[in-house]
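>>> Below is the structure, and that's it, no one-letter string:
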Ligand code: HQG
């Protein structure tokens with residue numbers, strides 16, 4: 001697959017593995033996994049002929065490590081970002097002092113009132129560093145970076161999870177734990 005083709009298939013996989021498995025007549029198990037075999041067959045049925053080695057490379061090359069293969073290589077799932085109900089069973093981890101969230105000006109008023117909310121996703125996504133947060137925000141416009149007082153939140157009992165691709169996940173961030181940078 002060339003790079004353009006890989007991006008196209010990666011976008012299709014994000015749709016199927018996070019949001020709409022029914023697009024390819026597929027079902028995820030309760031932890032979000034699906035058999036690679038079933039996935040490749042369903043893709044081929046719709047004219048996207050991909051072999052296992054190409055799929056393995058796509059998982060490996062994914063800029064944000066969006067997908068994971070099971071240890072035996074038989075199953076695949078999205079690392080995070082789901083809107084369908086899945087239990088990722090991610091380990092709870094102690095966050096660093098500060099985490100970052102990239103957003104845009106037009107959301108700030110609401111964020112100051114309600115804090116960060118997860119919307120359609122399972123969690124609010126936080127970044128380990130400012131530059132990653134900036135990239136996340138740039139999908140929507142001119143970036144505004146918010147500092148999250150992660151350690152203070154954890155001390156008050158909020159659970160933090162870390163996805164294998166380094167994204168930090170929390171259920172919410174109340175306004176008192178947010179600072180402008
Ligand atoms: C905003 C991409 C109003 C929030 C990225 C964000 C990331 C509020 C938007 C991953 C709000 C939600 C996630 C409130 C939060 N009022 N707006 N109270 N609370 N928001 O896409 O963090 O390419 O669901 O600031 O790289 O932007 O999908 O979350 O702007 O890792 O792999 O509501 O998605 O990765 O947007 O991005 P999203 P996000 P992928």
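Thanks, I have it. Because the structure is a prediction, the values reported are computed rather than measured.

>>> The chain against the ligand: which residues are in contact?
Residues of the chain found near the ligand (Cβ under 6 Å from any ligand atom) are 64, 66, 81, 103, 107, 110-111, 114, 116-117, 119, 121, 125, 136, 140, 167. Where you see a C-beta, it was placed from the backbone N, CA and C, and this is true even at glycine.

>>> Tell me how many other residues surround the nearest residue to residue 147 once chain neighbours are set aside.
With Cβ to Cβ, 6 or more residues apart in numbering as the criterion, residue 147 has its nearest non-adjacent residue at 4.3 Å, and that residue is residue 179. Neighbourhood size, residue 179 [other Cβ atoms under 10 Å]: 10.

>>> residues contacting residue 179?
Counting by Cβ atoms under 8 Å, 6 or more residues apart in numbering, residue 179 makes contact with 146, 147, 149.

>>> What of residue 110?
Residues in contact with residue 110, defined by Cβ under 8 Å, 6+ apart, are absent; none qualify.

>>> For the helix or strand it falls within, buried residues please.
Element membership of residue 110 [criterion: DSSP states H and E] is helix 108-114. Neighbour counts over helix 108-114 (16 or more other Cβ atoms under 10 Å) mark residue 111 as buried.

>>> Strand partners (parallel or antiparallel) of the helix or strand following it?
Toward the C-terminal end, the helix or strand that comes next after helix 108-114 (DSSP H and E) is strand 124-126. Its sheet considered, strand 124-126 pairs with strand 168-170 (antiparallel) by DSSP bridges.

>>> show me where this structure has strands.
Under the criterion DSSP state E, strands of the chain are mapped to 34-35, 67-69, 75-78, 99-104, 124-126, 143-148, 161-162, 168-170, 178-180.

>>> Reformat the ones you listed as a markdown table; add distance to residue 11 and mean pLDDT.
Shown next, in a markdown table, are the strands of the chain (distance: least, Cβ to Cβ, whole Å; pLDDT from 0 to 100):
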| stretch | distance to residue 11 | mean pLDDT |
| --- | --- | --- |
| strand 34-35 | 17 | 98 |
| strand 67-69 | 12 | 96 |
| strand 75-78 | 12 | 97 |
| strand 99-104 | 21 | 98 |
| strand 124-126 | 18 | 97 |
| strand 143-148 | 22 | 98 |
| strand 161-162 | 24 | 94 |
| strand 168-170 | 22 | 97 |
| strand 178-180 | 31 | 96 |
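
>>> Give me the distance between residue 97 and the ligand.
Counting by Cβ to the nearest ligand atom, to the nearest Å, the separation of residue 97 from the ligand is 20 Å.

>>> Look at that residue and say how many residues are nearby.
11.

>>> One more: the one 3 residues further on?
In terms of burial, residue 100 registers 22 neighbours under the definition other Cβ under 10 Å.
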